[in-house]
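Asks: Provide a 3D model corresponding to the input given below.
(one chain, ligands or ions: 2)
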Amino acid sequence: MRVLHLTPELAPWSKSGGLGDAAAALAKALALGGHDVRVVTPLHGSIPGREALPCHRERLDVGVRPADACRVRRAAGSHGFAALFIEHDAFFGGREIYGDPGSAGRRAAFLARAGLDLCLADGWIPDVVHCHDWTVALAPVLLNTVLRESPIGAAASVLTIHNLQHQGLHGKDIAAYLGLPEWVVTPDNLECLGGINFLKGGLYHATRLTTVSPTYAREIAGPAHGFGLDPVIRHRQADLEGILNGVDADDWNPARDAHLAARYSASDLSGKASCKAALQGELGLERDPGIPLIGVVARLWEQKGLDLALEPLRTRIRAGQLQLALLGSGDSALEQAYLALASAHPGGAAVRIGYDNRLAHRIEAGADFFLMPSRFEPCGLNQLYSMAYGTLPIVRRTGGLADTVDPWTPGAPDATGIVFEHADSAAIAWALGQALELRHRHPRELEAMRARAMRREFPWSRAADRYALCYAEAVRQRRGAFAPDKTDAPTPGSPTNTRKAPAKAARKA
Ligand code: ADP
Ligand code: GLC
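Replies: Ligands and ions are numbered 1, 2, ... in the order given. So this is what the prediction gives:
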């Protein structure tokens, strides 16, 4: 199949979180599976060596109003798939991937249209357009409207929700910018709170929907995790499935990881102790092989629940019962709170604010436990990486965390981590207590759990096979929607269906 991916971030060129990893690893796995894959993403100002990337198209005219154009570059070397970068410095030349919120709507609209126009200009017409998150969620709307009669108009579309919280609420001028017809700018469709909700548009218009774990697929159909779009999710539930992310073993594998002080595997974990000692040394923590070391690598936003972990961690660190190695950035009050914790307990807590891929690898390897107290977590990659590194995850039972970590109770034969229920400090304090009990009272079980966690496999090839089935179904549905005798049938994801979206659902959204 020919598959076009549209994504705002693509590792290793650009990454702010798991989406960059997931888009790249999925594209690679699909290409290895024999599909013809192109990925279109912005040429962000932060991409190293961006001016030296070979030119794919000196000029691409993009059908926005007023008319605009960009250059398209491509990645040098072989990645299995073609990585194509939209170069438009006024939009994407900054160092931040998501950048100035004031122009975010236009930037995102431009990216979606440019990705589709590039296919038309190259005469490379995909069977499926796979969109990742809100920034490119208007591509299915374009396929159902202004591009419907063009050669790409029959392409099926798949929208993956990596995070329902970020929806892209922007002004109605976006409709004019993209030349969208009036019928899509209604409360039953793209309109939301007087503006346009990009993700809502994608949810109505994509042929099929996916999200990144089965549990999150269920959670977002309810108000607690639906962020106002749960009525729309319920409306499209028959076309939604949860497909777990994976681990790219070329990047995250302790047996081959060049970032580590020592390498190790499930059959010989001895190198892990050297990684812990090296991490303690590098971060100025007391060099104690016996004290449990908790690792955290995360965006410090509300989603991740690290505000709730501050006091429970402080109590244990003050008592000298555990150490903390935290890397992250985000909310400045939370950054300051963790920095204050580190300066109050220099040998017990180390906090690095910023983005550092090398240190992220070294924390995954050097820590004993990895803490993810998320309020919600669509999939989560870090708990998968920590299991691959024999570092036991301590997670809240939500989303992909619930689907990938098996909870410990003494003697539990399948346990791979510690799982707690509630998003509050008491539950996190309990979970830290469980980690200490496991470490001190059940050390043999702990070692067995490490090896078991390392042997758990989350290959991207498995996810890619599921996506391939999803694409085949999307193509079938799209063909059905285009069949001459079916034009009035309310096929999900077709233009006819999107006109019939329930007004009540959309009003709530
Ligand atoms: P999310 O996408 O919600 O941030 P995930 O667990 O899916 O959560 O993925 C996070 C990814 O981003 C992981 O690869 C993690 O190592 C990386 N990451 C997050 N914060 C940092 C940071 N400060 N420095 C380096 N890598 C980071
Ligand atoms: C989002 C989610 C995270 C997921 C990642 C990749 O950023 O917050 O849970 O793992 O996307 O799908």
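
Asks: and the nearest residue to residue 105 once chain neighbours are set aside, bridged to which residues?
Replies: Once flanking residues are discounted, residue 105 sits nearest to residue 170: 2.9 Å by CB to CB, 6 or more residues apart in numbering. (Each C-beta comes from the backbone N, C-alpha and C, glycine too.) Beta bridges link residue 170 to residue 196, judged by DSSP bridges.

Asks: based on its surroundings, how many neighbours for the residue nearest to residue 117 when sequence neighbours are not counted?
Replies: Excluding its sequence neighbours, the residue lying closest to residue 117 (CB to CB, 6+ apart) is residue 62, at 5.3 Å. Residues near residue 62, counting by other CB atoms under 10 Å, number 22.

Asks: same question, residue 169
Replies: 17.

Asks: find the nearest non-adjacent residue to whichever residue of the stretch 401-509 of the chain sits closest to ligand 1, please.
Replies: Across the stretch 401-509 of the chain, no residue is closer to ligand 1 than residue 401, which sits at 9.4 Å (CB to the nearest ligand atom). With CB to CB, 6+ apart as the criterion, residue 401 has its nearest non-adjacent residue at 4.0 Å, and that residue is residue 395.

Asks: backbone phi and psi for that neighbour, please?
Replies: Main-chain dihedrals, residue 395, degrees, to the nearest 10: phi -130, psi 160.

Asks: I'd say it and residue 376 touch.
Replies: No - between residue 395 and residue 376 there is no contact under CB atoms under 8 Å: 11.9 Å.

Asks: the two: who's more crowded?
Replies: Taking other CB under 10 Å, residue 395 and residue 376 do not tie; residue 395 has more neighbours (28 against 24).

Asks: for that one, name its beta-bridge partners.
Replies: Beta bridges link residue 395 to residue 372, residue 419 when assigned by DSSP bridges.

Asks: residue 183 falls within a strand, correct?
Replies: No - Residue 183: not assigned to a strand; according to DSSP: H, G, I helix; E, B strand; the rest coil it is helix.

Asks: list the contacts of residue 121.
Replies: Listed by CB atoms under 8 Å, 6 or more residues apart in numbering, the contact set of residue 121 reads 57, 60-61.

Asks: which one of those residues is nearest ligand 2?
Replies: Using CB to the nearest ligand atom, residue 60 comes nearest to ligand 2 of these, at 28.3 Å.

Asks: pretty sure that closest one sits in a strand.
Replies: Yes - using three-state DSSP, the assignment for residue 60 is a strand.

Asks: contacts only, for it.
Replies: If you count contacts by CB under 8 Å, 6+ apart, residue 60 has them with 69-72, 86, 114, 117-118, 121.

Asks: circling back to that earlier point, so the residue nearest to residue 105 touches residue 196, yeah?
Replies: Yes - applying CB under 8 Å, one finds residue 170 in contact with residue 196, separated by 5.6 Å.

Asks: so what sits against both of the two?
Replies: Taking CB under 8 Å, 6+ apart as the contact rule, residue 170 and residue 196 both touch residue 105.

Asks: for burial, what's the neighbour tally of the residue of the chain found nearest ligand 1?
Replies: Using CB to the nearest ligand atom, residue 18 is the residue of the chain that sits closest to ligand 1, at 2.3 Å. When neighbours are defined as other CB under 10 Å, residue 18 has 25 of them.

Asks: same question, residue 188
Replies: Applying other CB under 10 Å, we find 18 residues neighbouring residue 188.

Asks: repeat for residue 346
Replies: Around residue 346 there are 11 other residues, counting by other CB under 10 Å.

Asks: same question, residue 267
Replies: 9.

Asks: relative to residue 49, how far out is it?
Replies: Using CB to CB, to the nearest Å, residue 267 is found at 39 Å from residue 49.

Asks: do residue 312 as well
Replies: Distance of residue 312 to residue 49, given as CB to CB: 44 Å.

Asks: for ligand 1, what are the nearby residues on the stretch 1-150 of the chain?
Replies: With CB under 6 Å from any ligand atom as the criterion, the stretch 1-150 of the chain meets ligand 1 at residues 17-19, 21.

Asks: who wins for neighbours among the contacts of residue 60?
Replies: residue 114 (27 neighbours).

Asks: my guess is that one meets residue 71, correct?
Replies: No - using CB under 8 Å, residue 114 is not in contact with residue 71, being 10.5 Å away.

Asks: give me the common contacts of the two.
Replies: Common contacts of residue 114 and residue 71 (CB under 8 Å, 6+ apart): 60, 88.

Asks: contacts for stretch 401-415?
Replies: Stretch 401-415 has contacts (CB under 8 Å, 6+ apart) with 213-215, 242, 244, 372, 374, 377, 379-380, 383-384, 387, 392-393, 395, 397, 416-419, 434, 438, 442, 445, 449, 452, 456, 458.

Asks: how far does it sit from its chain's centre?
Replies: Computed by CA atoms, centre = their mean, to the nearest Å, the separation of stretch 401-415 from the middle of its chain amounts to 24 Å.
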